[in-house]
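>>> what follows is a predicted structure for the sequence shown.
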Amino acid sequence: SNHSGYYRKGNYVDVINNELVWKDTTNYKNGISTNLQFAFPQKIFQWLNSATRIGLKEDWIFKYSDYSNSNNDYDFIIKDGFRRRLTTTLSTTLNTKIYGILPINLGTLSSIRHKMTPQITISYIPNLKTGSKQIVDGNDILSGTSAASLSEGSRKIRFSLANSFQMKIKDDNQIKKIDFLTYNLTCSYGGSGNDDDSFSLLDSKLSFKKPNGGELFFVHMQHDMYDNDGDGSFLLKKGKLPKLKTMTAQMSSHFRFKGNKYGGSEQLNSDDIDTTAVDSMFTMHNSILYMDKYKPTMESNELWHSDL
């Protein structure tokens, strides 16, 4: 439970009988909120993971807005009085993991492992707004307070499929595991209020990984499940595949070139060469936002260098 307090006073100008009249828009936010979360995880058939969650929020408010004589959304009076509100959310998640191994034995490559994680989440929020006595002429008497807002409810089924591919490399009688590719797919079905249930965009992302686990290159796509250029019908019912709506591809890299001053270089033995410098010179980074830590620093014998 927690207690919160907030008070804001203000006004606006309204025109009544051709006269400017100041209206009170005082906003009072003061109350006690209690949040309860219940989780019921379990395993079904020894391979299917299930988790049911119930969320409850109880709000106690000691001032509310009176719209009994209102002409618009701002025409209200704040009154003393106790009001309570209970809101709830429900969800159930089912997921499992499926593994597969493709033996290759090509050079140092031993095999490729594929891990597939399908997941279904069913969520529900009841309609507490329709018929509520706390809604007066479309206005919420607890609006602007710490109480949760009332919604017309929602129901949704979300499906996701995560795929990861991993190489097993032989290295001096040891096996190294390198993640090199992921492919994730998500889609949901449902609606809110009195809206008809429908499918969301089919969202997918193909990502190629670097040996250190960072992202080298990705392709993000969204497909429409409906024929919005035609009659708006469901494409799969017409025997057609979803239409590509958006596609984004990105690859970020960092290279450094430099040159020493004439006569400034020294003869180096092979033992003096830091081979990790070659790796860092051609390291690719996830985003240009990370380039700040690679700001140029000139060494004493450097004539120039450039970062790309």
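Nice, I can see it.
>>> quick one: low-confidence parts of the chain?
In the predicted model, the chain carries pLDDT under 70 at residues 1-29, 70-75, 252-308.
>>> packing partners of the helix or strand harbouring Q37?
Q37 belongs to strand 27-44 when elements are defined using DSSP states H and E. Counting by 3 or more CB pairs under 8 Å, 6 or more residues apart in numbering; DSSP states H and E, the packing neighbours recorded for strand 27-44 are strand 2-8, strand 48-66. From N, CA and C alone the C-beta is placed, and that goes for glycine too.
>>> give me the distance from stretch 113-131 to the chain's centre.
Offset of stretch 113-131 from its chain centre (CA atoms, centre = their mean, to the nearest Å): 14 Å.
>>> so which bits of it are buried?
By neighbour count with 16 or more other CB atoms under 10 Å, stretch 113-131 contains the buried residues R113, Q119, T121, S123, I125, N127, L128, K129.
>>> so the fifth one bridges to which residues?
Under the criterion DSSP bridges, I125 forms beta bridges with S154.
>>> quick one: contacts for it?
With contact taken as CB atoms under 8 Å, 6 or more residues apart in numbering, I125 is in contact with T88, T89, L90, S151, G153, S154, R155.
>>> if we use 10 Å, what do you get?
Each residue near I125 by CB atoms under 10 Å, 6 or more residues apart in numbering is listed here: 55, 87-91, 151-156, 192.
>>> quick one, which of those residues are buried?
By neighbour count, with 16+ other CB under 10 Å, the contacts of I125 hold T87, S91, G153, S154, R155, K156 as buried.
>>> now the two most distant members of those.
Using CB to CB, those reach their maximum pairwise distance at T87 and K156, which is 16.8 Å.
>>> sorry, back to before: just send the helices and strands packed on strand 27-44 back as a markdown table, with distance to I98 too.
Listed next are the helices and strands packed on strand 27-44 as a markdown table, based on distance: least, CB to CB, whole Å:
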| stretch | distance to I98 |
| --- | --- |
| strand 2-8 | 43 |
| strand 48-66 | 11 |
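>>> any idea which of those is most buried?
Most buried of the helices and strands packed on strand 27-44 by mean neighbour count (mean count of other CB atoms under 10 Å) is strand 48-66; its value is a mean of 16.
>>> report the distance from it to the chain centre.
Here strand 48-66 is found 22 Å from its chain centre; the criterion is CA atoms, centre = their mean.
>>> now do it against strand 27-44, angle only.
170 degrees (axes from the mean of the first three to the mean of the last three CA atoms, to 10 degrees).
>>> can you report phi and psi for L235?
phi -60, psi -40 (degrees, to the nearest 10).
>>> give the contact list for it.
For L235, the contact set (CB under 10 Å, 6+ apart) comprises F199, H223, D224, M225, Y226, D227, N228, L241, P242, K243.
>>> same thing with S160?
By CB under 10 Å, 6+ apart, the contact list for S160 reads N95, T117, P118, Q119, I120, T121, N184, L185, T186, C187, S188, D203.
>>> show me which of the contacts of L235 are buried.
Applying 16+ other CB under 10 Å to the contacts of L235 flags F199, H223, D224, M225, Y226, D227, P242 as buried.
>>> so L94 bridges to which residues?
Going by DSSP bridges, L94 is paired in beta bridges with S50, I120.
>>> what does the one 5 residues further on give?
Counting by DSSP bridges, Y99 is bridged to K115.
>>> neighbours of it, how many?
If you count neighbours by other CB atoms under 10 Å, Y99 ends up with 8.
>>> ok, G144 next?
Neighbourhood size, G144 [other CB under 10 Å]: 19.
>>> does it touch G31 like I think?
No. Counting by CB atoms under 10 Å, G144 does not reach G31; the two are 11.1 Å apart.
>>> give me the residue at the spatial middle of this structure.
T186 (11.9 Å; CA atoms, centre = their mean).
>>> show me the beta-bridge partners of that residue.
S160, D203.
>>> could you do Q37 as well?
G55.
>>> now for it: which residues touch it?
Q37 touches R53, I54, G55, L56, K57, T89, counting by CB under 10 Å, 6+ apart.
>>> now for the residues you listed: which two are most distant?
So, those by CB to CB: farthest apart are R53 and K57, at 13.4 Å.
>>> mutual contacts of those two, please.
In terms of CB under 10 Å, 6+ apart, R53 and K57 are both contacted by the residues Q37, T89.
>>> dump the contacts of S160 into TSV; add distance to Q42 as well.
Below are the contacts of S160 laid out as TSV (distance: CB to CB, whole Å):
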residue	distance to Q42
N95	12
T117	18
P118	18
Q119	16
I120	15
T121	16
N184	26
L185	26
T186	24
C187	26
S188	24
D203	29
